[in-house]
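[1] Have a look at this fold, sequence not included:
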């Protein structure tokens, strides 16, 4: 039976399809219904950098800070989301089971609310709906970054706080 779309994702599993040169996601809802979707390199780049910009612009402390400290503030928030108290355990690299061919994502809608980032992945119609808090968005951005890097995509990073190896924080 085909899942009811969009899937309101409760979990995401990432993989890379070398044959298609696509990043694939298996999005499953709380009832176990799932949809398999694929992101192109170009769309992954835009999603990754777009979410990074939205994280910067929606961080109240960074917006009020002097320009030279903004990246450090968002970097600290990012590191706390990944490694701080209540951080999600590291996900093991798991091969996706045999799945039907993924549906190619053609557009992504993002709405920022005071508490969440509402992300919709769609082709001709809605496929996946994500409602993520700031910590989850940081983790999602990190997952996109890691999988794009593993694929050898060399996505240009527009946010200095997301540059590989970024660990230095200036404290005054």
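    Received it, and whenever you're ready, just let me know what you need. Since the model is a prediction, treat every value here as computed from it, not as a measurement. Numbering: from 1, shown residues only.
[2] Flag every buried residue along the helix or strand hosting residue 131.
    When elements are assigned from DSSP states H and E, residue 131 belongs to strand 126-132. By neighbour count with 16 or more other Cβ atoms under 10 Å, strand 126-132 contains the buried residues 127-130, 132. Placement of C-beta: from N, CA and C, glycine included.
[3] Pick out whichever of those sits closest to residue 113.
    Closest approach between those and residue 113, by Cβ to Cβ: residue 132, at 10.7 Å.
[4] Tell me the bridge partners for the closest residue to the closest one other than its chain neighbours.
    Leaving out its chain neighbours, the residue that sits closest to residue 132 by Cβ to Cβ, 6 or more residues apart in numbering is residue 117, at 5.0 Å. Beta bridges link residue 117 to residue 112, residue 132, judged by DSSP bridges.
[5] residue contacts, residue 117?
    Applying Cβ atoms under 8 Å, 6 or more residues apart in numbering, one finds that residue 117 lies in contact with 51, 54, 110-111, 130-134, 137.
[6] outside of the helix or strand just after the strand holding residue 131, which residues touch it?
    Going down the chain from strand 126-132, the next helix or strand is helix 134-150, by DSSP H and E. If you take Cβ under 8 Å, 6+ apart as the criterion, helix 134-150 is touched by 12, 14-16, 23, 41, 44-45, 47-48, 51-52, 54-55, 58, 77-78, 80-82, 86, 88, 91, 117, 130, 132, 155, 157, 162, 164.
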